[in-house]
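Asker: build the 3D model from these lines:
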Amino acid sequence: MRKMAVIGAGFGGLAAAYDLARAGHQVTVFEAADYVGGLASGFKEPHWDWWVEKYYHHWFATDRHMLGLIDELGWRERVLFPRPYTVMYFKGRFYPFDSYLHALLFPGLGWGVNKVRFGLVGLYLKLTNNWHALEHVTVDAWMRRWAGDRVYELMWEPLMIGKFGEAYARQVNMAWMWARLKARTTRLGTFQGGFQAFADLFAERLRQMGVIMRLSTSVERIVAGERGGLDLAVAGQQECFDQALVTTSPSLLPRITPSLPADYLKGLLELKSMGAVVMVLSLKQRLSPQGYYWYNIPKNAGFPFLALVEHTNLVSPQHFGGEHIVYCGDYLDPDHEYFRLSQDELLARFLPAIAHLNPAFSPEWINRTWLFRTSYAQPVPLLDHSCNIPPIQTPLDGLYFASMSQVYPWDRGTNFAVEIGRRAAGLMLQSHSANTD
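Answerer: Sure thing, here's the model as predicted:
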């Protein structure tokens, strides 16, 4: 039995702790927050039966790593896959956009060659597995060549600008787009009670397995131990572990492990990412009369947010005391003013846009609002990004690192957090086995 530390109690850290504990090791999970779940965590009012995610989350039917873990835990019957409606904005109206058929019927494409090119590009990206060739070219260049300027500027460029801003929209490589289209489905899933309910159940299962969960506990420093292993500075005390896995953002790792080689640290600091700002509103009545779940809104339409998501058109408002839950969210550079504006100032920016979606809307519909912000939400994969990904096994003996910036070419999300967390745990166990042979 070895002493293993996991820093971070997001889904990746919890999944890694699960595999390490199953292998018979003594595992301690350190989490700076007083809750588990990381960016998939939620909040809950006393009269709600379900949690609401701080940043809107759902699963896809193809999320085999997440759903496979849930199967192992014996909770598959708690996974729900309703069929929500997604729409896209065009010339003042919203049109269904939750399947290839609806996309092909989208009026912005017109008729003829544009629809054919859009359909053929989508089919090719769904069928090909050669993503390595795609990372040598940007989304902007590849789509303009094969889909055409009209199709790209109408269908894909708004997504790129919305996700990565003007600074990076034309620099992201095509492998990212391939992965996004390859892995996603129109069926969207959630967990009974919300993602926080799953995270809490998972943490309790880990405790039953002997995992020590230390919440509200930051790891301040990680250095090589004088007698081997790693020394962790925690609350002014030194604690010794044989191995440790860090699941934080790339920008935090250099601060707690300054003894890593300069080239490894430089690679971490060069990784780019976008932040996220999400306002959650509780309303007295439904915002979308049509029952729309997800509104895709291009930045050039003048709205102050990228997406509006009516959560209670995915799950019933009865879980929230009859209240209707709406998200207004955007991916932004951490220097954007939305990271400085107060909650009231940001709400004032959003209200006219919400009324534009439903002219009957009134601020009197609002019960309460919540504001959540994070500087690390969407990694930015530039050309040949596979060459820039830091290896999970760091140069510091016994130290491992697993983050959303390393799941490439796949996009960030709980499914790939679980995958990379379990992959890191596998490397740790493999290293232990090699050292004991």
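Asker: just the helices in the stretch 101-250 of the chain please.
Answerer: Secondary structure of the stretch 101-250 of the chain (DSSP state H, counting those that start in this stretch): helices at 113-127, 131-134, 139-146, 149-151, 157-168, 174-183, 195-208.
Asker: any chance of the ones you listed in TSV, plus distance to G189 and mean pLDDT?
Answerer: C-beta coordinates here come from the backbone N, C-alpha and C atoms, glycine included. Output for the helices of the stretch 101-250 of the chain, formatted as TSV (distance: least, C-beta to C-beta, whole Å; pLDDT from 0 to 100):
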stretch	distance to G189	mean pLDDT
helix 113-127	20	87
helix 131-134	25	95
helix 139-146	27	96
helix 149-151	30	89
helix 157-168	22	89
helix 174-183	14	90
helix 195-208	11	98
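Asker: go through these and name the closest to P84.
Answerer: Among the helices of the stretch 101-250 of the chain, the nearest to P84 by C-beta to C-beta is helix 195-208 (16.1 Å).
Asker: need the residues that contact the closest one.
Answerer: If you take C-beta atoms under 8 Å, 6 or more residues apart in numbering as the criterion, helix 195-208 is touched by 9, 11, 14, 17-18, 21, 27, 29, 35-37, 40-44, 50-51, 53, 57, 70, 73, 75, 78, 191, 213, 414.
Asker: in helices, which of the residues you listed fall?
Answerer: Counting by DSSP state H, the part of the contacts of helix 195-208 found in helices is F11, L14, A17, Y18, A21, I70, L73, T414.
Asker: list just the nearest of these to R93.
Answerer: Using C-beta to C-beta, T414 is the member of the ones in helices among the contacts of helix 195-208 that sits closest to R93, with 33.0 Å.
Asker: excluding its backbone neighbours, what's nearest that closest one?
Answerer: F11 (4.6 Å; C-beta to C-beta, 6 or more residues apart in numbering).
Asker: number of nearby residues for that neighbour?
Answerer: Number of residues near F11 (other C-beta atoms under 10 Å) recorded here: 30.
Asker: what do you get for the one 4 residues further on?
Answerer: For A15, the number of neighbouring residues by other C-beta under 10 Å comes to 28.
Asker: which residues touch it?
Answerer: L69, A417, V418, G421, R422, A425.
Asker: how about R145?
Answerer: No contacts exist for R145 under C-beta under 8 Å, 6+ apart.
Asker: ok, F11 next?
Answerer: Per C-beta under 8 Å, 6+ apart, neighbours of F11: G37, G38, A40, M66, A199, T414, A417, V418, G421.
Asker: part of a strand, is the fourth one?
Answerer: No: counting by DSSP: H, G, I helix; E, B strand; the rest coil, M66 falls outside a strand, being helix.
Asker: that one and W59 touch, don't they?
Answerer: Yes: counting by C-beta atoms under 8 Å, W59 is a contact partner of M66 at 5.8 Å.
Asker: what do these two both touch?
Answerer: T414, N415.
Asker: pretty sure V211 contacts T28?
Answerer: Yes: using C-beta under 8 Å, V211 is in contact with T28, at 7.4 Å.
Asker: so can I have JSON lines of the helices of the stretch 101-250 of the chain showing distance to L347?
Answerer: What follows is the helices of the stretch 101-250 of the chain, written out as JSON lines (distance: least, C-beta to C-beta, whole Å):
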{"stretch": "helix 113-127", "distance to L347": "37"}
{"stretch": "helix 131-134", "distance to L347": "40"}
{"stretch": "helix 139-146", "distance to L347": "33"}
{"stretch": "helix 149-151", "distance to L347": "36"}
{"stretch": "helix 157-168", "distance to L347": "21"}
{"stretch": "helix 174-183", "distance to L347": "31"}
{"stretch": "helix 195-208", "distance to L347": "24"}
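Asker: contact partners for H385?
Answerer: Per C-beta under 8 Å, 6+ apart, neighbours of H385: E135, N173, A175, W176, Y408, P409.
Asker: next helix or strand past the longest strand anywhere in the chain?
Answerer: Counting by DSSP state E, the longest strand found in the chain is strand 366-380. Downstream of strand 366-380, the first helix or strand assigned by DSSP states H and E is strand 399-401.
Asker: what average pLDDT does that following strand get?
Answerer: The average of the pLDDT scores along strand 399-401 is 97.
Asker: what's around the closest residue to A402 other than its chain neighbours, how many residues?
Answerer: Nearest non-adjacent residue to A402, counting by C-beta to C-beta, 6+ apart: A424, 4.1 Å away. The tally of other residues near A424 (other C-beta under 10 Å) stands at 27.
Asker: distance of A424 from V246?
Answerer: 9 Å (C-beta to C-beta, to the nearest Å).
Asker: the stretch 151-300 of the chain: strands as residue ranges?
Answerer: 188-191, 212-214, 219-224, 230-234, 237-241, 243-246, 272-283, 294-296 (DSSP state E, counting those that start in this stretch).
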